[in-house]
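Trainee: got a sequence here, can you build the structure:
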Amino acid sequence: MTQPLLHYTRHGHGPMVVLLHPVGLDGTFWRDLPQSLSDRYTVICVDLRGHGQSSPAPRPGTMAACVDDVAAVIRDAGKGQGQGQENQKAVVLGLSFGGMVAQNLAIQHPELVSGLVVCGCGAMIPPAFKQAILARGSDAEQGGMQAITPATLERWFTPAFMASPDVEKVRARLLADKPSDFAAAWEAISEHQALDRLKQVTVPALVIGGSLDLATSVEAIAVLADAFADGRKVILEGAPHMMQIENQDVFTAAVRHFLDHMGS
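Mentor: Here you go, the predicted structure:
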């Protein structure tokens, strides 16, 4: 088996939990979540293609390529745990872009997914929004990452949190990204159309939204949760799009409760 194209880190021991980050960030932007889960779970923090330490993203970016990349990571990480191929399954947690990849992974590779935690994203990109989604990448290619970073941060965090050192880390990460890789991710996002296929996903699925999320409405969170065969939702009051950073305690608690009781 060839090595996966994605860089990932491993924390802890136990059943696998794979974390897929938002667009423009990488597998280090989970604050304390990996450490908090590592007492009972093997937490795999992935850098999606074109992000962090992974290889550059191909152009145009496609959702299918993102899904195949993550599938290869799960197989590789499971092998590293000494699992046979039939036991290489993971709970996949994705936020925003990562949540879209997680949905499509569960549809296309059900043999690799034992559960889902999908955060801050909907079940599809409405066709009327596709050009606006693609423009986020083309704006970065035309004006550099500095052209899109201020508006991105305003969409991701509440005004009261903008002075936090955590926001500065996110700003620095975005400014260091290559515009081509950023645009490739938005090309993949523009293809996200999972709504009509999510009933095929029979594993337990938790959908987490933020009441102050400017990128994904609570109505879209409800539609996504209802689309799963075994879906449930949690709305974090006062949480924005980057809920894993700004509201890490309640976010981690919701994730941990789901993981610990998933089979009950």
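Trainee: and the helices in this structure?
Mentor: 33-37, 63-80, 97-108, 130-143, 145-156, 165-176, 179-190, 218-227, 243-246, 248-261 (DSSP state H).
Trainee: for the stretch 1-150 of the chain, which spans come out with low pLDDT?
Mentor: Counting by pLDDT under 70, the stretch 1-150 of the chain contains low-confidence residues at 1-3, 80-87.
Trainee: likewise the stretch 151-264 of the chain?
Mentor: Low-confidence segments of the stretch 151-264 of the chain (pLDDT under 70): 264.
Trainee: residue 178 versus residue 185, what's the distance?
Mentor: Separation of residue 185 from residue 178 (C-beta to C-beta, to the nearest Å) stands at 11 Å. Glycine gets a C-beta too; all of them are placed from N, C-alpha and C.
Trainee: do the same with residue 262
Mentor: Using C-beta to C-beta, one obtains 37 Å as the distance from residue 262 to residue 178.
Trainee: neighbour count for the two, which is higher?
Mentor: Neighbour count, other C-beta atoms under 10 Å: between residue 262 and residue 178, residue 262 has more, with 18 against 15.
Trainee: surely that one and residue 204 touch.
Mentor: Yes: between residue 262 and residue 204 there is a contact at 5.1 Å, judged by C-beta atoms under 8 Å.
Trainee: okay, and the common contacts of those two?
Mentor: Shared contacts of residue 262 and residue 204, defined by C-beta atoms under 8 Å, 6 or more residues apart in numbering, comprise residue 115.
Trainee: returning to what we had before: mean neighbour count and distance to residue 24 added to the helices of the chain, as a markdown table?
Mentor: As requested, these are exported to a markdown table (neighbours: other C-beta atoms under 10 Å; distance: least, C-beta to C-beta, whole Å):
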| stretch | mean neighbour count | distance to residue 24 |
| --- | --- | --- |
| helix 33-37 | 20 | 18 |
| helix 63-80 | 20 | 14 |
| helix 97-108 | 26 | 8 |
| helix 130-143 | 16 | 9 |
| helix 145-156 | 17 | 7 |
| helix 165-176 | 15 | 5 |
| helix 179-190 | 23 | 6 |
| helix 218-227 | 18 | 20 |
| helix 243-246 | 25 | 13 |
| helix 248-261 | 17 | 19 |
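Trainee: which one of those helices lies closest to residue 208?
Mentor: helix 248-261 (5.8 Å; C-beta to C-beta).
Trainee: wait, which of the helices of the chain is closest to residue 10?
Mentor: Ranking those by their distance to residue 10 (criterion: C-beta to C-beta) puts helix 63-80 first, at 6.8 Å.
Trainee: got the angle for the closest one vs helix 179-190?
Mentor: Here helix 63-80 runs at an angle of 100 degrees relative to helix 179-190 (axes from the mean of the first three to the mean of the last three C-alpha atoms, to 10 degrees).
Trainee: so which elements touch helix 63-80?
Mentor: Packing partners of helix 63-80 (3 or more C-beta pairs under 8 Å, 6 or more residues apart in numbering; DSSP states H and E): strand 7-11, strand 16-20, strand 42-47, strand 90-95, helix 97-108, helix 179-190.
Trainee: out of the ones you listed, which gets nearest to residue 129?
Mentor: helix 179-190 (8.5 Å).
Trainee: show me what the closest one is packed up against.
Mentor: Counting contacts by 3+ C-beta pairs under 8 Å, 6+ apart, helix 179-190 packs against helix 63-80, helix 97-108, helix 130-143, helix 145-156.
Trainee: return the distance of the closest residue to residue 233 other than its chain neighbours relative to residue 58.
Mentor: Nearest non-adjacent residue to residue 233, counting by C-beta to C-beta, 6 or more residues apart in numbering: residue 225, 3.8 Å away. Distance, residue 225 to residue 58, by C-beta to C-beta: 32 Å.
Trainee: mind putting the helices and strands packed on helix 179-190 into JSON lines with distance to residue 167?
Mentor: JSON lines is the format used below for these (distance: least, C-beta to C-beta, whole Å):
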{"stretch": "helix 63-80", "distance to residue 167": "26"}
{"stretch": "helix 97-108", "distance to residue 167": "19"}
{"stretch": "helix 130-143", "distance to residue 167": "19"}
{"stretch": "helix 145-156", "distance to residue 167": "6"}
